[in-house]
Structures are given as structure tokens and as C-alpha cells.
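Enquirer: have a look; sequence and predicted model below, questions after that.
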Amino acid sequence: MRFLTSIFLLIPILVSAQWDVINNIPKSSMILSLYTENNFAIAGGDSVIYISEDGGLNWVQSGIINNESDAVSAIIRHNDKIFVGTYNHGIYESLNGGKTFEQKNNGLSGLGSLSISCFAIRGDSIYTGTLGAGIFLLDLNHPDQWIPFNDGLYFYVSYSIYSLKNFNGTLYAGAGTSGFLYINEPGTSTWREQLIDTTNYMIIFDMGMHNNTIFLAASNGLFSSRDGGNTFHFIAHNKGSIGDSKLAVYDSTVYIFFRKVQRTFWFTSSDYGTTMNLFEDQPGVDVLSSAIIGNKLFAGRVDGLWFRTLPTTSVDDETMPPDFQLYQNYPNPFSAGGRSAYDGNPSTTIEYMLPNVETTRRVVFTTLKVYDILGREIATLVDEYQQPGKYSVKFNVETHQGASLPSGVFTKGRYASGIYFYQLRYGQYSMIKKMILLK
């Protein structure tokens, strides 16, 4: 019988987990952009791209895009077409999986029109953002010429486009530096201006969506909206002047970096942008792009492409006895901050079922432990021999004092907001689930 004893091993290992480099991408390559689509991924190098079709395990170098190009700044794929944007040389298209490229700049005009920052696709049109000439669209049914798409944008104010996304058919553009988000509803040709911050200087570098929550990675912090971008909640990073920021979402957690000169700060938010916690401080590291592929967090840097493995909650049920169960905690999410939506209840209940797997004895050593998102053990709820049967345990974040709580996890008698994992071990069997704490 094959026992599933390693399911949860990924979590404790993360305590000392390191970033690993992708060896078949030269460390001399500056990875400025990353594009993902399920297990398919593209990394933008200097004058080439690198393509992976196996979830980021192996990468194949493309043909040369342009010998004079020193940065692939944006990437997108539509069916069998790959579009890459560059700084100063415009857009190139490949129809053969990156073997060859053809320049596709017809219609791009104006100062900055050949410096491409981002792409988005909606319906049969592809949109591109430029650093100085606004937004252009290309009809993929008649791909002869890029057409300006700037109604509602303002020259010298919002013609530098730093981010562009399609969320549920609506386009969102991080344009200019004045704290405005620009929104284009489907079926219209005009951008609507939405003020989200009164700061004199603020850039929206990246955007993402998860469970209908919009996240904005901005120069001054993280914004989140649960009403389509009409109102936003803001969390400051408090790290001073920032040169760039990108975000990626994995298993309900937002991973976001803020880059200064030769220093990158990684944060996570697991409560829909209500709070943000420091994940890692990387002195001497310049991160340029990020993406989630499978359960790996990838970081494009000035010295190649790097990754680290993230916690996983997958379980192979075929290896488990049918009567061995770890149930989802309830309520989940639960709250310690008096949020009426979750009753302000600092307790959550964890139930589990232990099978009769021993032939010589009825009791088996059992543990039930709680870990934070970095794999650090923060609480032991069960640590004893138990008989087969159903059990119920309460976990109270207000009163529980773990034996060894990592720095930053326990503050003034309370745990920080975010995702936590609880693991049940019963002899040689192991099972894991996640729970969410909101403050």
C-alpha cells in the first residue's frame, strides 16, 4: 500500500525554501515580461522569447525577434499567433510558435507609439498600451492596421499606459500618473475616468482579478475593489519610492512585489486586499515581472528567470482509506475583528474522522497542527493517541497560545489575517486543508 505521507511536506519545507533559477534560460537575460495560459507560458528576454508547454519545467528559446531590440516588454497569444511588444521597436507577430517574427507596426503613430507596455484581448480585437501614444486596437479578423482607441484619454495626462486588462468584457487601463483608473465598457468606444487616489503621483503598474475582486498594484500600495472598480480599499506598502510592481494570484492569495533600485519587497494578501503582509525582502535583487504557473511563483529578474514552490492543498484520494476524513473548518472564513459578515467569531471548528487501520491496537498517535502560508508551525491542536471515530476541535485565535510562534505571526494576542493550513496526521496517513482568517 502506498501511503500519502508527503502531502503536507511542502508546507514545512517552505520555511527554508529558496528561489531556484531556470537553468536553460541564460542568467544574462533580462526577463521583463511573463505571459501564462494554463500550463503554457512565455518569458520575454532581450531579443528572444522563451516558451514552456509543460508548466514552466522546460523552456525553449525562440528565433531572434530583432537584433536591435533589447527588451521584450509585453506578450500575448491568440490561437496560433504570438504578439510581442518591445521598447522603441514596436510589435512583432509570430505565426509559427516563435520560430520567426514579422514586424506589425502599421497604424502605430505618435511619440512613444513604438514603446509597448501591455496587451489585452477582448472578443476579436487585441489592444495594446504604449508609453506616450495611448491605446491602439487591432481587429483580428482584418489585421491590417492598428487603430487609435483613445476617446476619453488625455494627451500629456493619460497617454502613457502602464497596465491594461480585460475583466469580464470590461477593459481597465492604468494610464498616467494622477491616480485615475480608466474603464471601457463593452460596446462603447469611450474610456470613463475613475478617481481612485488623490495622491499627486501614483502609477497603476499591474492589475488582476480573483473571485470578482479587482486588485491594482500601484506605486504606493495595493488597491482592491469588489464592485467593479467603483470604490477601492487601499493598503500602503510604506517602502518609499517604488519603480515597479506586479501581482499574481494563487489559491486565493495575491502575491505582489514592489521594486526599488536593487531591492524587491514581496507581499501577500489573503483576505481580498483587506490587509497585506510582508512575504520576503530581497536586497540586491531587481524583479521585473511575476506569474503563477501551477503551484510555482515565477519571478523575471535582471539575471534570468527564477521560481519558488508555493503550498499545495491537493490530495490523492485513492491512497487514503475511505473513512479517513479531514473536514473543512466552519465557519470559513472566520474573523477576529468584529466583522458582521462573519459574526466577529474568533473561533473556528475543525472536525475529522479516524479509521480503524490497526490490527494489533485500537489507538494511533494523532496530531492536528496549524501552519501559516510560509509553512511555519503556529499552533498544535491535537498531540496524543486517539481511537478511531469522529472528533471535533475548536481553534480560537484570540486565546490560543502556540508553543512556538514565528515572529510577525502573533500580534497582541491575535493572529494576522490571511490563509492558514491545518494538517491532520494519523499514523502514516496525512491530510491538509486551508482556512482563511479575516480581521
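Expert: Cool, the structure landed.
Enquirer: for Phe298, see how far away Asn24 is.
Expert: Distance, Asn24 to Phe298, by Cβ to Cβ, to the nearest Å: 14 Å. No exception for glycine: its C-beta is placed from N, CA and C like everyone else's.
Enquirer: of the two, who's got more company?
Expert: The residue with more neighbours, out of Asn24 and Phe298, is Phe298; 25 against 12, by other Cβ atoms under 10 Å.
Enquirer: just the pLDDT at the more buried one, thanks.
Expert: pLDDT recorded at Phe298 is 97.
Enquirer: assumed it was part of a strand.
Expert: Yes: under DSSP: H, G, I helix; E, B strand; the rest coil, Phe298 sits within a strand.
Enquirer: which residues does the closest residue to Glu185 other than its chain neighbours bridge with?
Expert: In space, and not counting its chain neighbours, Glu185 is closest to Thr170: 5.7 Å by Cβ to Cβ, 6 or more residues apart in numbering. Beta-bridge partners of Thr170, counted by DSSP bridges, are Phe167.
Enquirer: residues near Thr170, how many?
Expert: Thr170 has 17 neighbours, counted by other Cβ under 10 Å.
Enquirer: same question, Trp59
Expert: Neighbour tally, Trp59, other Cβ under 10 Å: 20.
Enquirer: quick one, phi psi at it?
Expert: Trp59 has phi and psi values of phi -130, psi 140 when expressed as degrees, to the nearest 10.
Enquirer: got it, and Gln328?
Expert: Dihedral angles of Gln328 (phi, psi; degrees, to the nearest 10) stand at phi -70, psi 130.
Enquirer: now do it against Lys104, distance only.
Expert: From Gln328 to Lys104 the distance is 50 Å (Cβ to Cβ).
Enquirer: now Ser29. Nearest residue, chain neighbours left out?
Expert: In this structure, Ser29 finds its nearest non-sequential neighbour in Gly45, 4.3 Å apart by Cβ to Cβ, 6+ apart.
Enquirer: cool, and Asn332?
Expert: The spatial neighbour of Asn332 that comes closest, neighbours along the chain excluded (Cβ to Cβ, 6+ apart), is Met435 at 5.1 Å.
Enquirer: list the contacts for that neighbour?
Expert: Applying Cβ atoms under 8 Å, 6 or more residues apart in numbering to Met435 gives the contacts Gln328, Asn329, Asn332, Pro333, Phe334, Thr348, Ile419, Tyr420, Phe421, Tyr422.
Enquirer: with those in mind, which one is nearest to His142?
Expert: For the contacts of Met435, the closest approach to His142 (Cβ to Cβ) belongs to Ile419, at 46.2 Å.
Enquirer: tell me the bridge partners for that closest one.
Expert: Ile436.
Enquirer: count of neighbours near it?
Expert: Around Ile419 there are 21 other residues, counting by other Cβ under 10 Å.
Enquirer: pLDDT value on it, please?
Expert: So, for Ile419, pLDDT stands at 85.
Enquirer: center of this protein, which residue is that?
Expert: What sits nearest the mean C-alpha location of the chain, by Cα atoms, centre = their mean, is Ala248, with 1.6 Å.
Enquirer: residue contacts, Trp112?
Expert: Quick fix: residue 112 reads Gly, not Trp. Thr130, Leu131, Gly132, Ala133, Tyr159, Ser160.
Enquirer: and for the closest residue to Tyr371 other than its chain neighbours, the neighbour number?
Expert: Using Cβ to Cβ, 6+ apart and skipping the chain neighbours, the partner closest in space to Tyr371 is Phe421 (4.7 Å). If you count neighbours by other Cβ under 10 Å, Phe421 ends up with 21.
Enquirer: and the strands in the stretch 101-250 of the chain?
Expert: Taking DSSP state E, counting those that start in this stretch, the strands of the stretch 101-250 of the chain run over residues 102-103, 116-122, 125-130, 135-139, 147-148, 161-167, 170-175, 180-184, 192-195, 204-210, 213-218, 221-225, 233-236, 244-250.
Enquirer: neighbour count for Gln328 and Lys104, which is higher?
Expert: Neighbour count, other Cβ under 10 Å: between Gln328 and Lys104, Lys104 has more, with 19 against 11.
Enquirer: my guess is the more buried one meets His89, correct?
Expert: No: judged on Cβ atoms under 8 Å, Lys104 makes no contact with His89 at a distance of 11.1 Å.
Enquirer: element containing the closest residue in space to the residue nearest to the centre of the chain that isn't next to it in sequence, please.
Expert: Leaving aside its chain neighbours, Ala248 sits nearest to Ile292 (4.4 Å; criterion: Cβ to Cβ, 6+ apart). Applying DSSP states H and E as the criterion places Ile292 in strand 287-293.
Enquirer: quick one: strands adjacent to that strand?
Expert: Using DSSP bridges, strand 287-293 pairs in its sheet with strand 296-301 (antiparallel).
Enquirer: between the helix or strand that contains Phe83 and strand 135-139, how many degrees?
Expert: When elements are assigned from DSSP H and E, Phe83 belongs to strand 81-86. Put simply, strand 81-86 runs at 160 degrees to strand 135-139, going by axes from the mean of the first three to the mean of the last three Cα atoms, to 10 degrees.
Enquirer: quick one: strands adjacent to the helix or strand just after strand 81-86?
Expert: On the C-terminal side of strand 81-86, the closest following helix or strand by DSSP H and E is strand 91-94. Sheet pairing of strand 91-94 (DSSP bridges) gives strand 81-86 (antiparallel), strand 102-103 (antiparallel).
Enquirer: where does the residue nearest to the centre of the chain land on pLDDT?
Expert: If you check Ala248, the pLDDT there is 95.
Enquirer: is it in contact with Val287, as I believe?
Expert: No: if you go by Cβ under 8 Å, Ala248 and Val287 don't touch, sitting 11.5 Å apart.
Enquirer: list the contacts of Gln301.
Expert: One correction, residue 301 is Arg, not Gln. Met30, Ile31, Val285, Asp286, Val287, Leu288.
Enquirer: how far away is it from Val21?
Expert: To Val21, Arg301 is 9 Å away according to Cβ to Cβ.
Enquirer: rewinding a little: to Met276, which of the strands of the stretch 101-250 of the chain lies closest?
Expert: Of all the strands of the stretch 101-250 of the chain, strand 233-236 sits nearest to Met276, with 4.4 Å by Cβ to Cβ.
Enquirer: who does that closest one pair with, and is each partner parallel or antiparallel?
Expert: Going by DSSP bridges, the partners of strand 233-236 are strand 221-225 (antiparallel).
Enquirer: what about the strand it pairs with, distance to the chain center?
Expert: Averaged C-alpha coordinates place strand 221-225 at 14 Å from its chain's average position (Cα atoms, centre = their mean, to the nearest Å).
Enquirer: what angle do it and strand 170-175 make?
Expert: Angle, strand 221-225 to strand 170-175, by the same axes, to 10 degrees: 160 degrees.
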